[in-house]
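> Here you go, sequence then predicted model.
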Amino acid sequence: MTLAPSRRRALLVALSTGLLAAGASAQQWPTKPIHFVVPFSAGGANDLMGRAAADGVSKALGQPVVVDNKPGAGAVLGTDAVAKSAPDGYTFLISAAGVVSNSMIRKVPYKDSDLVPVAMIGLAPSVIVAPANSPYKDLTDFVNKSKQGQGLHFATAGTGSTPHFVEGLLEKNYGAKLDVVPYKSGSESITAVLSGQVDATSEASIVVLPYIKAGKLKALATTWTQRISAYPELATATELGFKDIRIAHWAGVHAPAGTPQAILDKMAEAVDKAMKDPATVQRLKGMGIEPVGGTRASFVKFVDEERARLGAVVKATGMKEE
């Protein structure tokens, strides 16, 4: 059907007006409180990083940033809520590794493309720990001893959790003989290690450092590429020869697809500014968290690389939700 010239002009005017209004709205953003959805319970690494970012972003943008905890189904519940929210710049996800790996191992009610990376907040390096009275000197000794007899028991926080990926890499890339013991949460797996029910686990530095410093857990290695600022005497897995063990409990910001580019850029700049604030840096590093920040492009690159890397682990291990 061919539109009459007058109808065509009216349509073009309407479209132009709509685009101009959307652009103006994005430029004026934010004009009301912003919501950060944390898909985990309060008190964990993701929650603490999200709250630190919320404080800094609120100062940078001049609007309150409300943190909403929506835990459940391995972060799927909160992630789905953001994926289905309006792309208007007022709802963001405090994302973690699950935003990359969940769709690889379980059915999720959203598509990966429903969310877009905005900014990196920071990371809590994972630490492989064993009972304080265990005979293992370090990660090398643990892996070597696991190859003897029936192997060793390694606790995880469930299928697809960060500890599960650490276990998968140790087993597939370095020949460790490990029997996975899944728990519902990282706190439960730590309790199992403390009581000697299992031989080891891997958990966020912010969770385990108090136990390590109190002599209740033995640290075998940190699984990130750099030593932990709050515990620099602990060697990295890379330093011990495990070059593929590069896992951390990271937190970032994702937005619903379709959120205006101008808003995404302003949020990325606000998060980066927050992560460079001296008070925030001191606050996070004191808890064993490394602030990162950076550009949108650097976070997009990080997410793409994690998707490829973790996807290879899922494929090699056959990791699936039971």
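Cool, got the structure.

> who's in contact with the residue nearest to residue 33 when sequence neighbours are not counted?
Nearest-residue entry for residue 33: residue 64, 4.3 Å, with adjacent residues in sequence omitted and distances by Cβ to Cβ, 6 or more residues apart in numbering. All C-beta spots, glycine's among them, are computed from the backbone N, C-alpha and C. Residues in contact with residue 64, defined by Cβ atoms under 8 Å, 6 or more residues apart in numbering, are 33-34, 58.

> Check the spacing between residue 64 and residue 283 real quick.
Applying Cβ to Cβ, to the nearest Å, the value for residue 64 to residue 283 is 19 Å.

> How about residue 60?
16 Å.

> Among those two, which residue is more densely surrounded?
More neighbours surround residue 60 than the other of residue 60 and residue 283, with 18 against 15 (other Cβ atoms under 10 Å).

> Confirm for me that that one is in contact with residue 276.
No. Counting by Cβ atoms under 8 Å, residue 60 stays clear of residue 276, with 10.6 Å between them.

> what touches both of these two?
Counting by Cβ under 8 Å, 6+ apart, nothing touches both residue 60 and residue 276.

> Quick check on residue 153: phi, psi?
When read as degrees, to the nearest 10, the backbone of residue 153 gives phi -100, psi 130.

> residue contacts, it?
178-179, 181, 197-200.

> For residue 28, grab the count of nearby residues.
Every residue meeting other Cβ under 10 Å relative to residue 28 is counted, giving 9.

> Got the confidence number for it?
On the pLDDT scale, residue 28 is placed at 91.

> any idea how far it lies from residue 264?
15 Å.

> still on that earlier bit, what's the farthest-apart pair in the contacts of residue 153?
Across the contacts of residue 153, the longest distance by Cβ to Cβ is 14.7 Å; it joins 178 and 197.

> Looking at the two, which has the bigger crowd around it?
Ranked by neighbour count (other Cβ under 10 Å), residue 178 and residue 197 place residue 178 first, with 21 against 14.

> Touching stretch 267-286 from outside, list them.
48-49, 52-53, 55-57, 59-61, 89, 92, 118-122, 229-230, 253, 255, 290-296, 299.

> On the three-state scheme, residue 113 is what?
helix (DSSP: H, G, I helix; E, B strand; the rest coil).

> Now that it has come up, it's in contact with residue 254, right?
No. Applying Cβ under 8 Å, one finds residue 113 not in contact with residue 254, separated by 11.5 Å.

> Looking at these two, which has the bigger crowd around it?
In terms of neighbours (other Cβ under 10 Å), residue 254 is the more surrounded of residue 113 and residue 254; the figures are 24 against 8.

> next structured bit after the helix or strand harbouring that one?
In this assignment (DSSP states H and E), residue 254 forms part of strand 248-256. Sequence-wise, the next helix or strand downstream of strand 248-256 (DSSP H and E) is helix 261-276.

> pLDDT averaged over that following helix, what's the number?
97.

> Could you pull out the buried residues of it?
262-264, 266-275 (16 or more other Cβ atoms under 10 Å).

> Which parts of the stretch 151-300 of the chain are helices?
All helices of the stretch 151-300 of the chain, identified by DSSP state H, counting those that start in this stretch, fall at 162-174, 186-194, 205-213, 261-276, 278-285, 296-317.
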